[in-house]
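Chemist: When you get a sec, could you give me coordinates for this:
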Amino acid sequence: SAIQKAGRPIVLSLSPGPAIIQKSWHYAKHANMWRISDDFWDEWPLLKDMFPRCEIWQDHVKAGCYPDCDMLPVGRLGGGFGRERATGFTRDEQRTMMNLWCLFGSPLMVGAELSLLDDWTLSLLTNQKVLAMLTPDCRPDQIRRTEDEAVWVAENQKTGERYLGLFNLSDQEREVAMDFGDLWPETAQGEELWSGEAVPVAESRLAARLAPHASAVYRLS
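Modeler: Below you'll find the model as predicted:
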């Protein structure tokens, strides 16, 4: 739990960069957040590398203990580092980042010039349906990861809400699919949380045709 001072909670965030999985018990005992990567910047190889990092830390996310994927490099960046510029991530990559961070349960910290946020970036950071996955009641579980794709699910243990994330990690357009008949056989419909589109589910299978580095995340019912 958070350190108490003068009756108010204090969040202790560590930046060991990257945290050592074998020391997870130590971080959980003495801190609330700890960074699981080196400095994270707006480069696709760094974002793709976060998938195996989240894979090994997924079972350590719980109330008061939050493995940290580092700041979100969106909008205008670099003002304090010599040259201000727009993020190098495409919009698809930024949504992939948000989907992974929220499904995994990472703290969200914006690494951008807030006074220069454009409308699209603001909408990226304030999608309430996507942010609803962040609660520690929503347990993350990576179902599959290869060089080309990843599939994550999460289920809110209090509300029963279920989520599915499909990720194209390759440099080509491809279909990513998940058959969840053994997991949630009664599922009849999904809602894609960025577009709001209702997607019927046939034979407990959901698939998406995704652009390179793109993803889709669904709330299932």
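Chemist: Quick check: beta-bridge partners of the nearest residue to T135 once chain neighbours are set aside?
Modeler: Distances taken as CB to CB, 6 or more residues apart in numbering place N156 nearest to T135, at 6.8 Å, with adjacent residues excluded. C-beta coordinates here come from the backbone N, C-alpha and C atoms, glycine included. N156 has these beta-bridge partners by DSSP bridges: C138.
Chemist: wait, doesn't N156 sit right on P136?
Modeler: No: if you go by CB atoms under 8 Å, N156 and P136 don't touch, sitting 9.9 Å apart.
Chemist: Give me the residue ranges of the protein where confidence is low.
Modeler: The model of the chain has pLDDT under 70 over residues 1-8, 80-82.
Chemist: ok, 90 please
Modeler: 1-12, 15-18, 62-65, 78-84, 111, 136, 180-188, 200-204, 221 (pLDDT under 90).
Chemist: what residues are up against A208?
Modeler: L166, E175, V176, A177, A216 (CB atoms under 8 Å, 6 or more residues apart in numbering).
Chemist: swap that for M71, sorry
Modeler: When contacts are counted by CB under 8 Å, 6+ apart, M71 touches F40, M109, V110, G111.
Chemist: again, but for R139
Modeler: For R139, the contact set (CB under 8 Å, 6+ apart) comprises V61, A154, E155, N156, Q157.
Chemist: Go again with 10 Å.
Modeler: Applying CB atoms under 10 Å, 6 or more residues apart in numbering, we find R139 in contact with Q58, D59, V61, K62, G105, V153, A154, E155, N156, Q157.
Chemist: With P52 instead?
Modeler: By CB under 10 Å, 6+ apart, the contact set of P52 is Q142, R145, A150.
Chemist: What about it? Give its phi and psi, please.
Modeler: Note on P52: its backbone torsions stand at phi -70, psi -30 [degrees, to the nearest 10].
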